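In: Sequence below, structure please.
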Amino acid sequence: MSEQQSTALLSAQELDVAYNTQVVLENASMTICEGDRLGLVGRNGSGKSTFLRIVTGEQKPDAGEVVTRRGLRTGYLPQEFQLNPEHTVLESIRSGAQHILDLIDEFENLPGDSDKHESIEQQINAADGWELDQRIESTMTHLQVPSAERSVGQLSGGEHRRVALCRAIIAQPDLLILDEPTNHLDNESIQWVEQFLKTYKGALLLVTHDRYFLDRITNRIVELAAGVFYPYKGNYTQYLEKKAERVASEATNEKRRQMFLRRELEWVRRGPKARTTKSKSRLDRYDEVASQKGPEVEGAVDVVIPPPPPMGNRILDLVNIGYTYGDTPLFENVEFNFQAGMRIGIVGRNGIGKTTLLKVIMGQLEPSSGTVKTGQLVKFNYVDQNRLQLNPEDRVIDAIGDGAEFVIFGDDRLSLRAYLKRFLFTDDRIDTKVKLLSGGERSRLLLASILKRGGNFIILDEPTNDLDLATLRVLEEALVSFPGIIMAVSHDRYFLNRVCTGILAFEGHGQVDYSIGDYDYYLEKKARLQTKAPKGQSTKAVSYTHLTLPTSDLV
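Out: I've put the predicted structure just below:
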């Protein structure tokens, strides 16, 4: 559908928003049309979530307005949401389609001679309302939502998010707004959401750090930088190419501007003898160009991991490890020998035992069977899903300092201020209280606090959650060059391909397989095994529960 033929669903006009002295939107305008699959990108703290709250009516801008098409129905999954803890899972999900339920209720209670039957039935059919219950059941299954009767108040954070995502999409609104929809979803669930959105009839406004997701879903990318929207046609890869061209063009233009100003400044200092009309025009031109603002230059996060201490000859061996939860074996007969330089990605459905294995490796849980043999020089650095807890009343520098003034880097040391500046904290933000930070700044502070602990065996549980795309790229580069051992539970396929040299896959029924190579290579080998499996025989029969460091590609 061409832009000329597209109907505008929503138009944000000249929005201004500032938090104290931090400007996040400045005279910013954007239009969302029918057929748009729009990815909104930008650094953490740039104002993406603020913009989503404004277009959904949850927040008022300091200036500007949002105009929507009459009768526009919007579904919204925010990063931070609240579900009624007194509701059951099913009640919470069905409330996302309340307008459809109200139409059905009105239709079923109309008098037999009412002339409204036809118009209401048309509205129900347009919303695919008669299939609502089947749609809810299917979506709950694919997103692994907890059982319908469970109370929302009893759910974990990840379960809450899956319920909220299900609630947002089941009504099939005209405009679906999703803020980090893949957080806390496993790869199979992400693939289902991906396929769902590819065939979704409404428009989509999406914020996500999942680069494959952006590439496969979007047809427009809008970057929010320095309070302004920069629109690009195409998906995320095309956006990166076009942004590089824009930045290069801006740099060239800025170089020309500076050269002009230097040349004209020399003329001004010489002091023209006669203030003729021509010389006055030249001075006016100089003043005009001098008052122009140069392009914003983005600071780059410099993710620094202290050099790991020596690991010794023995690092860590798993000998016939098993763990049983209740009557269910999460994994069994696992044998693995870790070697320096390994970067292992751990994948599998939620609740299948991935985090449990990490805790067994670190000695936080005793295995039900087998032995963990850990070298004396191994020092773990664990980044868990919940991250660290920050005291909102602390200053940034106190939150990360732990009473010290320096971060130790091998034989060298770095002041806390210099360290924080590598994570894009300016002097005024370093002395700011944690409670006044944006969500993006908190994420960077947590990452800085965790990584400064060092270690030679880094364990990451969902490290990509809540990090912006630019920071993710730098983190990946730091991990790839880390000479110790990396283990990472992740659903981010791009991260797994970029960082990992091997994949531990939890396949269910206590089965754990190892594949040398990245995530795509693991999927290729798995598909090959499934193709070769005898008809009617599950792939479980051609894999092995017993896990060792293999010489073949897939054990």
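In: Could you measure from Ala97 over to Ile124?
Out: 11 Å (Cβ to Cβ, to the nearest Å). Just so you know, the C-beta spots here come from the backbone N, C-alpha and C atoms, and that holds for glycine as well.
In: between the two, which one's more packed in?
Out: Using other Cβ atoms under 10 Å, the more surrounded residue of Ala97 and Ile124 is Ala97, with 24 against 16.
In: In this structure that one contacts Ala171, no?
Out: Yes: taking contacts as Cβ atoms under 8 Å, Ala97 lies within contact range of Ala171: 3.9 Å.
In: Name the residues contacting each of those two.
Out: Among the neighbours of Ala97, none is also in contact with Ala171 (Cβ atoms under 8 Å, 6 or more residues apart in numbering).
In: SS state for Ser46?
Out: When classified by DSSP: H, G, I helix; E, B strand; the rest coil, Ser46 comes out as coil.
In: Tell me how many other residues crowd the closest residue to it other than its chain neighbours.
Out: Spatially, and ignoring its direct neighbours in sequence, Ser46 is nearest to Leu224 (4.9 Å; Cβ to Cβ, 6 or more residues apart in numbering). For Leu224, the count of nearby residues is 22 (other Cβ under 10 Å).
In: Just give the strands next to the helix or strand where Leu224 lies in its sheet, each with its orientation.
Out: For Leu224, the element it lies in under DSSP states H and E is strand 220-225. Applying DSSP bridges to the sheet, strand 220-225 is found paired with strand 37-41 (parallel), strand 228-233 (antiparallel).
In: And those: which comes nearest Gln376?
Out: strand 37-41 (45.4 Å; Cβ to Cβ).
In: tell me which residues in stretch 363-374 are buried?
Out: Within stretch 363-374, the residues scored as buried using 16 or more other Cβ atoms under 10 Å are 367, 370, 372, 374.
In: could you dump the residues you listed to JSON lines with distance to Ser29?
Out: Formatted as JSON lines, those follow (distance: Cβ to Cβ, whole Å):
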{"residue": "Pro367", "distance to Ser29": "58"}
{"residue": "Gly370", "distance to Ser29": "61"}
{"residue": "Val372", "distance to Ser29": "58"}
{"residue": "Thr374", "distance to Ser29": "57"}
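In: sorry, back to before: any idea which of the strands paired with strand 220-225 is most buried?
Out: Highest mean neighbour count among the strands paired with strand 220-225 (mean count of other Cβ atoms under 10 Å): strand 37-41, with a mean of 24.
In: distance between the top helix by length along the chain and the chain's centre?
Out: Counting residues, the longest helix found in the chain (DSSP state H) is helix 236-270. How far helix 236-270 lies from its chain's middle: 32 Å, per Cα atoms, centre = their mean, to the nearest Å.
In: and that helix, what does it pack onto?
Out: strand 37-41, helix 211-217, strand 220-225, strand 228-233, helix 277-291 (3 or more Cβ pairs under 8 Å, 6 or more residues apart in numbering; DSSP states H and E).
In: Give me the buried stretch members for it, please.
Out: 236, 238-239, 242-243, 264.
In: Let me know the closest of these to Ala12.
Out: Distances from Ala12 to these, taken by Cβ to Cβ, are shortest for Tyr239, at 19.6 Å.
In: Name the nearest residue to that closest one, ignoring sequence neighbours.
Out: Once flanking residues are discounted, Tyr239 sits nearest to Ile221: 3.8 Å by Cβ to Cβ, 6+ apart.
In: Would it be right to say that Glu335 lies in a strand?
Out: Yes: assigned with three-state DSSP, Glu335 falls within a strand.
In: And for it, the neighbour number?
Out: Glu335 has 14 nearby residues by other Cβ under 10 Å.
In: Equivalent analysis for Ser490, please.
Out: The burial count for Ser490: 22, using other Cβ under 10 Å.
In: Quick check, pLDDT for it.
Out: Note on Ser490: pLDDT of 90.
In: so who does it touch?
Out: 345-347, 460, 462-464, 496.
In: Please apply the same query to Glu477.
Out: Contacts of Glu477 by Cβ under 8 Å, 6+ apart are Val303.
In: Also Ser369?
Out: Ser369 touches 320-323, 332, counting by Cβ under 8 Å, 6+ apart.
In: where does the stretch 451-555 of the chain have low pLDDT?
Out: 533-555 (pLDDT under 70).
In: same thing but 50
Out: 538-555 (pLDDT under 50).
In: before we move on, the earlier item: compare the helices and strands packed on helix 236-270 and report which one is nearest to Gly510.
Out: helix 211-217 (29.3 Å).
In: who touches the closest one?
Out: Counting by Cβ under 8 Å, 6+ apart, 37, 39, 41, 182, 190, 194, 197-198, 204, 206, 208, 221, 235-237, 469, 493-494 sit against helix 211-217.
In: For the protein, which element, helix or strand, carries the lowest mean pLDDT?
Out: helix 277-291 (a mean of 71; mean pLDDT, DSSP states H and E).
In: Just after it, pick out the following helix or strand.
Out: strand 316-325.
In: Can you list the strands that that following strand pairs with?
Out: strand 328-338 (antiparallel), strand 369-374 (antiparallel).
In: Would you convert these into CSV that also reports mean pLDDT and distance to Tyr419?
Out: CSV is the format used below for the strands paired with strand 316-325 (pLDDT from 0 to 100; distance: least, Cβ to Cβ, whole Å):
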stretch, mean pLDDT, distance to Tyr419
strand 328-338, 89, 29
strand 369-374, 93, 29
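In: hang on, the earlier thing: which among the contacts of Ser369 count as buried?
Out: By 16+ other Cβ under 10 Å, these give 321-323, 332 as buried.
In: ok, the residues you listed vs Val145, which is closest?
Out: Tyr323 (25.5 Å).
In: can I assume the closest one is in contact with Leu358?
Out: No: between Tyr323 and Leu358 there is no contact under Cβ under 8 Å: 11.2 Å.
In: Look up phi and psi at the closest residue to Val360 other than its chain neighbours.
Out: Distances taken as Cβ to Cβ, 6+ apart place Pro367 nearest to Val360, at 5.1 Å, with adjacent residues excluded. Main-chain torsions, Pro367, degrees, to the nearest 10: phi -70, psi 150.
In: Name all residues that make contact with Pro367.
Out: Pro367 neighbours (Cβ under 8 Å, 6+ apart): 321-323, 360.
In: State the distance from Thr21 to Thr432.
Out: Taken as Cβ to Cβ, the span from Thr21 to Thr432 is 10 Å.
In: The two: which has the busier surroundings?
Out: Neighbour count, other Cβ under 10 Å: between Thr21 and Thr432, Thr432 has more, with 18 against 6.
In: Tell me how many other residues crowd the spatially closest residue to that one that is not a sequence neighbour.
Out: Closest residue in space to Thr432, ignoring its immediate chain neighbours: Val396 at 5.9 Å, by Cβ to Cβ, 6+ apart. Other residues lying near Val396 total 27 when counted by other Cβ under 10 Å.
In: Spit out the contact partners of Val396.
Out: 420, 425, 429-434, 437, 445 are the contacts of Val396 under Cβ under 8 Å, 6+ apart.
In: mind redoing it with 10 Å?
Out: 390, 416-417, 420, 423, 425, 429-434, 436-437, 441-442, 444-445, 448-449 (Cβ atoms under 10 Å, 6 or more residues apart in numbering).
In: How far away from the center of its chain is stretch 170-187?
Out: The answer for stretch 170-187 is 12 Å, by Cα atoms, centre = their mean.
In: ditto for stretch 194-211
Out: Centre to centre, stretch against its chain (Cα atoms, centre = their mean), the figure for stretch 194-211 is 14 Å.
In: Show me which parts of it are buried, residue by residue.
Out: 194, 197, 202-211.
In: do stretch 503-514 as well
Out: In stretch 503-514, counting by 16+ other Cβ under 10 Å, buried: 503-507, 510-514.
In: can you check stretch 20-35 too?
Out: Result for stretch 20-35 [16+ other Cβ under 10 Å]: buried residues 22, 24-26, 28, 30-35.
In: Tabulate the residues you listed in TSV, adding columns for distance to Ile352.
Out: Shown next, in TSV, are the buried residues of stretch 20-35 (distance: Cβ to Cβ, whole Å):
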residue	distance to Ile352
Gln22	42
Val24	39
Leu25	42
Glu26	46
Ala28	43
Met30	41
Thr31	43
Ile32	38
Cys33	41
Glu34	40
Gly35	38
